[in-house]
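> my questions are about this predicted structure, shown below with the sequence.
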Amino acid sequence: MRLILAAIAVAAAPAAWAQTPETAPACKTMDFVLPGNLGDWNGKAPVVTAAGAGDLTSAKLLPGKGYEAALKRKGDVAFKVEPEKPGGSVSYSGLFQFDVAKEDNYAIALGNAAWIDVLEDGKALEPLSFGHGPECTTIRKIVIYKLQPGPHTLQVAGSGAETVKLLVGR
Amino acid sequence: MRLAAAAVVGAALVTLIACASTIAPPSDWSPADLAPPHPANNPPTPMKIELGRRLFYDGDLSWDGAMSCATCHEQKRGFADPNKTRAGFDGSPGERNIQTLANVAWFSSLTWGGPHVDTLEHQALIPIEGFVPVEMGFGGKPEGTLAQRLADQSCYPELFRAAFPEHDGKIDMNTITLALAAFQRTLVSLDAPYDRWKRGDMTALTEQAKRGAALFESKQCSSCHAGPHFSDAALPGANPVDAFHRLALPAEGKDTGLSRITQKPEDAGRFRTPGLRNVVLSAPYMHDGEVAGLREAIAHHYSDPSTNDPRLGRTLSDAEVTDLLAFLESLTDQGFITNPAFARPPAQCPVATDSERAREDSNSRNLHNSPAGP
């Protein structure tokens, strides 16, 4: 899996940190081949965003599991850290939690181009790299972080859609 | 031995000083003399600029709220973007590389391929309402949607009233684009090391950068990347069409640039000269973003046999290219990319809103009616 992430990271290098992917080529079949821990991308397990830091335990993500996450209007979510690109009043936001068992590089895969932050010890981490998903998948972007063991908060900001597919992979 | 070493160092110093004294900045312009122009119908005011900044950073200017002007124009990149092209709000493909906004007030043509887009007020409508390509997505949507979206918020009506008293604070595409343009005209980048050298600080540039600056002139890079903004599209009084040049003929089916507008075959492949301010921050390069780095971008100017411009027939040695790169690095204006006046504004409304005024009135009445009041 690490090799796959490394390949994504290298391919993404020119666009590092920008968080908005370029457009994928036309494909006959989408999501036909998904590598390693992204394999459950189409899992669509339901999860609803927390409204704030107080109810994060109800918005828990399991690494390796594909989710269809329900977001809320921007004004209905209290971010822990103000996102760099928070989106407009009509956009949707989300706040989720996931646990990391061991130090490693983790990939956050998202089905649209929303801005994401991963918070560790209350601070937004700088990603290691960023890029679009593998060709001919509906993964619109992948952002890779080096994470320490412990609970982490995932913030989603500026989503144009009320639901978004997401997956925390390793 | 020490004496010999000292002599060598001394000789080297003499050489350096001699080199330094032989490369002086060109005297055709001075950054101190430049103030951004504005059209007569849109004089800048602090409130209009503040409103424009707020709009520039607001995702509500896209149909689904996901994309603001700043999504593609990032301050830390000189208001450019690191992708080749940008997908629109709905994922539809982008077409051309995002251009920097540094010193955009001076430019007489504002897009890669259209000399007719000659004001920032006009240009702002292209990403918001355009179809080719779709960017922010208001094209074809019910008229007045964006204005109503802004009017429904507590801060914008007050800001528009303060910024546009002559329009009775009306919120429409006219006032929206006037404010956006007023903010963008404040995006002035004239304090790079190169500018400080031009102002007389001979230590502001490395010797390598000075050699690069001299090469930039002698190799005629400056004939297109001309003047203080390093583009002939920003020279006063220039005919906008004259700032469109061809480095290579476009391949079959590719973007033909100016000829899309003029319908003239001889204009195929002509694109507007981009400015070079903060250019090291704005990779990738060229109209389609297909050139990843600056060294390749320089080589791209010499690589295509289909160009008929004799200025592009020259070649550069590796050492000369390295000097040119040092010069281009000296166009990075750290103050510009960190200026808080250009950054995303605080969430709090800069003027009192109706609800805040009502709260103040209520507090005042309560104070008046309380036993401890006056």
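Cool, the structure landed.
> any low-confidence regions in chain B?
Scanning chain B for pLDDT under 70 picks out B:1-22, B:32-33, B:303-314, B:354-374.
> which parts of it sit against chain A?
Taking Cβ under 8 Å from any Cβ of the partner chain as the measure of proximity, chain B contacts chain A at B:58-68, B:70-72, B:74, B:81-87, B:89-94, B:149, B:153, B:283-284, B:292, B:344, B:347. Every C-beta, even on glycine, is put in place using the N, C-alpha and C of the backbone.
> next up, identify which helix or strand B:L101 is on.
If you go by DSSP states H and E, B:L101 is not part of any helix or strand.
> actually, B:P127.
Per DSSP H and E: helix B:120-129 holds B:P127.
> now B:T332
Judged by DSSP H and E, B:T332 forms part of no helix or strand.
> so it is in contact with B:V280, correct?
Yes - B:T332 is within contact range of B:V280, at 5.7 Å (criterion: Cβ atoms under 8 Å).
> among the residues of chain B next to chain A, which ones are buried?
B:58-68, B:70-72, B:74, B:81-87, B:89-90, B:94, B:149, B:153, B:283-284, B:344 (16 or more other Cβ atoms under 10 Å in any protein chain shown).
> most distant residue from the middle of chain A?
A:K28 (25.2 Å; Cα atoms, centre = their mean).
> dump the residue contacts of it.
By Cβ atoms under 8 Å, 6 or more residues apart in numbering or on different chains, the residues touching A:K28 are A:C136.
> one more pass at 7 Å, please.
For A:K28, no contacting residues are found, by Cβ atoms under 7 Å, 6 or more residues apart in numbering or on different chains.
> and it, how far is that from chain B?
18 Å (Cβ to the nearest Cβ, to the nearest Å).
> next one: that residue from A:C136, what distance?
Distance, A:K28 to A:C136, using Cβ to Cβ, to the nearest Å: 8 Å.
> in the stretch 251-374 of chain B, what residue comes closest to chain A?
Nearest to chain A in the stretch 251-374 of chain B, going by Cβ to the nearest Cβ, is B:A292, at a distance of 5.8 Å.
> skip the chain neighbours and tell me the closest residue to that residue.
Nearest non-adjacent residue to B:A292, counting by Cβ to Cβ, 6 or more residues apart in numbering or on different chains: B:P284, 5.0 Å away.
> against A:A69, how distant is the residue nearest the centre of chain A?
Nearest to the geometric centre of chain A sits A:I108, at 3.7 Å (Cα atoms, centre = their mean). Counting by Cβ to Cβ, the gap from A:I108 to A:A69 is 12 Å.
> list residues touching both of these two?
A:L166.
> I figured B:L215 hits B:E320, correct?
Yes - with contacts counted by Cβ atoms under 7 Å, B:L215 reaches B:E320, the gap being 5.6 Å.
> any stretches of chain A with poor pLDDT?
Within chain A, the segments meeting pLDDT under 70 span A:1-25.
> helices along that one, start to end?
A:2-12 (DSSP state H).
> strands along that one, start to end?
A:45-48, A:60-61, A:66-70, A:72-73, A:92-100, A:104-110, A:115-120, A:123-124, A:129-131, A:141-147, A:150-159, A:163-169 (DSSP state E).
> can you list these in TSV and add distance to B:P46?
Putting these into TSV (distance: least, Cβ to Cβ, whole Å) gives the following:
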stretch	distance to B:P46
strand A:45-48	43
strand A:60-61	45
strand A:66-70	42
strand A:72-73	32
strand A:92-100	31
strand A:104-110	39
strand A:115-120	30
strand A:123-124	32
strand A:129-131	37
strand A:141-147	38
strand A:150-159	28
strand A:163-169	39
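> between the ones you listed, which one is closest to B:P193.
Among these, strand A:129-131 comes nearest to B:P193, with 30.0 Å by Cβ to Cβ.
> spell out whether the closest one and chain B are in contact.
No - if you take Cβ under 7 Å from any Cβ of the partner chain as the test, strand A:129-131 misses chain B, and the best it gets is 9.4 Å.
> tell me what that strand is packed against?
On a contact count with 3 or more Cβ pairs under 7 Å, 6 or more residues apart in numbering or on different chains; DSSP states H and E, strand A:129-131 meets helix A:2-12, strand A:141-147.
> what lines up beside it in the sheet?
For strand A:129-131, the paired strands and their directions (DSSP bridges) read strand A:141-147 (antiparallel).
> and the contacts of the strand it pairs with?
A:5, A:8-9, A:19, A:21, A:100, A:103-110, A:113, A:116, A:118, A:120, A:125, A:127-133.
> filter these down to the buried ones.
Buried among the contacts of strand A:141-147 by 16+ other Cβ under 10 Å: A:5, A:8-9, A:19, A:21, A:100, A:104-110, A:113, A:116, A:118, A:120, A:125, A:127-133.
> quick check: phi and psi at B:P37.
phi -80, psi 160 (degrees, to the nearest 10).
> would you agree the residue of the stretch 251-374 of chain B closest to chain A is in contact with B:M286?
No - checked against Cβ under 7 Å, the pair B:A292 and B:M286 is beyond contact range at 10.0 Å.
> just the terminal-to-terminal distance for stretch B:171-190.
The separation between the terminal residues of stretch B:171-190, taken as Cα to Cα, to the nearest Å, is 33 Å.
> could I get the buried residue list for that stretch?
B:171-173, B:175-190.
> repeat for stretch B:247-259
B:L247, B:A248, B:P250, B:D255, B:T256, B:G257, B:L258, B:S259.
> try stretch B:198-207
Under 16+ other Cβ under 10 Å, the buried positions of stretch B:198-207 are B:K198, B:A204, B:L205.
> my guess is the second one contacts B:W197, does it?
Yes - at 4.3 Å, B:A204 and B:W197 qualify as touching, with contact defined as Cβ under 7 Å.
> other residues contacting the helix or strand harbouring B:A326?
Element membership of B:A326, judged by DSSP H and E, is helix B:318-329. Identification of contacts with helix B:318-329 by Cβ under 7 Å, 6+ apart yields B:206, B:208-209, B:211-213, B:215-216, B:276, B:279-280, B:294-295, B:298.
> out of these, which sit inside strands?
Per DSSP E, the subset of the contacts of helix B:318-329 in strands is empty.
> would you mind giving me the ChimeraX syntax to select the buried ones in these?
Written as a ChimeraX command, the selection of buried residues from the contacts of helix B:318-329, which uses 16+ other Cβ under 10 Å, is:
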select /B:208,209,211,212,213,215,216,276,279,280,294,298
